Structure formats: C-alpha cells, structure tokens
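Asker: Show me the folded form of this:
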Amino acid sequence: MNTKIKIILFMVVGAVLGYTYFYFFGCETNCSLKSDWRITTFYGSVIGLILAFPTKKKSDR
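Answerer: Residues are numbered from 1 along each chain as shown. Here you go, the predicted model:
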C-alpha cells in the first residue's frame, strides 16, 4: 500500500472515531476536550496520523 494513502486512511479513520467518541461520550458544557466535536475529531485524526507512521524499516532478508 502506498504510504500517503495509508496515512490519509488512518487520519480519516481516526477522525471518524474521534467524532464517534464525541457523539457517544461528549458533554454539553464545562468539558474542555469533549464539548466540541471539532476538537475530538482533530485529536482523533492526529492519533491516526501518529499510528500510520512505520516504526521499523523492512529488511531485505
């Protein structure tokens, strides 16, 4: 799989999961993180971005 497509896919999935978290567990007021859907969606996409980067290079063996 192409690396750019993988990164975009992970970011989209993270954003969807972030919005899902807001929808089910978010609160109306007095919550800094969970009160706005844009914040949880952004954090979800950032977590997806972090998870998309490879940790080790493949060896040729």
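Asker: Quick one: the helices in this structure, in order.
Answerer: Along the chain, counting by DSSP state H, helices occupy 3-25, 37-52.
Asker: and the shortest one with helix 3-25, angle?
Answerer: Meaning helix 37-52. Between the axes of helix 37-52 and helix 3-25, defined by axes from the mean of the first three to the mean of the last three CA atoms, to 10 degrees, the angle is 140 degrees.
Asker: gap between helix 37-52 and the chain center?
Answerer: On the basis of CA atoms, centre = their mean, to the nearest Å, helix 37-52 sits 3 Å off its chain's mean C-alpha point.
Asker: what about the nearest residue to Pro54 once chain neighbours are set aside, neighbour count?
Answerer: Nearest non-adjacent residue to Pro54, counting by CB to CB, 6 or more residues apart in numbering: Thr3, 7.9 Å away. Yep, even glycine has a C-beta here, placed from its N, CA and C like the rest. Thr3 has 10 neighbouring residues, counting by other CB atoms under 10 Å.
Asker: about what we covered before: distance to Cys31 and mean pLDDT added to the helices of the chain, as JSON lines?
Answerer: Formatted as JSON lines, these follow (distance: least, CB to CB, whole Å; pLDDT from 0 to 100):
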{"stretch": "helix 3-25", "distance to Cys31": "10", "mean pLDDT": "90"}
{"stretch": "helix 37-52", "distance to Cys31": "10", "mean pLDDT": "91"}
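Asker: Need the winner for burial among those helices.
Answerer: Comparing the helices of the chain by mean neighbour count (mean count of other CB atoms under 10 Å), helix 37-52 comes out on top with a mean of 16.
Asker: Okay, the residue nearest to Pro54 and Ile50: tell me how far apart.
Answerer: Look at Thr3 and Ile50: by CB to CB, to the nearest Å, they are 14 Å apart.
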